[in-house]
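> only geometry, no sequence info:
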């Protein structure tokens, strides 16, 4: 790959990212109030995305032995408990990831 190709790829990706970020503001700039359907989506989409990511992450778990699924189960429990206690998504994800990586490094 040439340097020109990489430069153009970065410019195009940046322009597309900027356009997707600016589109909602341009679309709703003339309105005084946010549409009801958009409030509905904004309220429920983060939970749906997290649920899909959890299901995608645990699809490969084998229940043959305790070491195959214990790390995932404990990590999911940590994420849920931390989130219920602190209501902080970043803390939940970081502590859950730390817990999972600790289990994987100890029990392989």
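All right, it came through fine. Values in this document were obtained by computation on a predicted structure and should not be read as measured data. Numbers count the residues shown, from 1 in each chain.
> what sits against residue 79?
92-93, 95-96 (CB atoms under 8 Å, 6 or more residues apart in numbering). To be clear about C-beta, it is placed using only N, CA and C from the backbone, and glycine gets the same treatment.
> can you name the two of these that are farthest apart?
93 and 95 (7.6 Å; CB to CB).
> before we move on, which element is the residue positioned nearest the centre of the chain in?
Against the mean C-alpha coordinate of the chain, by CA atoms, centre = their mean, the closest residue is residue 50 at 5.9 Å. Assigned by DSSP states H and E, residue 50 falls within helix 36-57.
> Kindly report the same for residue 9.
helix 3-28.
> what's the angle from that helix to helix 36-57?
If you take axes from the mean of the first three to the mean of the last three CA atoms, to 10 degrees, helix 3-28 sits at 140 degrees to helix 36-57.
> Helix 3-28: how far from the chain's middle?
21 Å (CA atoms, centre = their mean, to the nearest Å).
> For the remainder of this discussion, apply numbering that starts at 37.
In the new count, where the first residue is 37, that last one comes out as helix 39-64.
> so what does it touch, helix or strand wise?
With contacts defined as 3 or more CB pairs under 8 Å, 6 or more residues apart in numbering; DSSP states H and E, there are no secondary structure elements packing on helix 39-64.
> What mean pLDDT does that helix get?
In this model, helix 39-64 carries a mean pLDDT of 92.
> Check what contacts the helix holding residue 86 and list those residues.
Outside helix 72-93, the residues that reach it (CB under 8 Å, 6+ apart) are 64, 108, 112.
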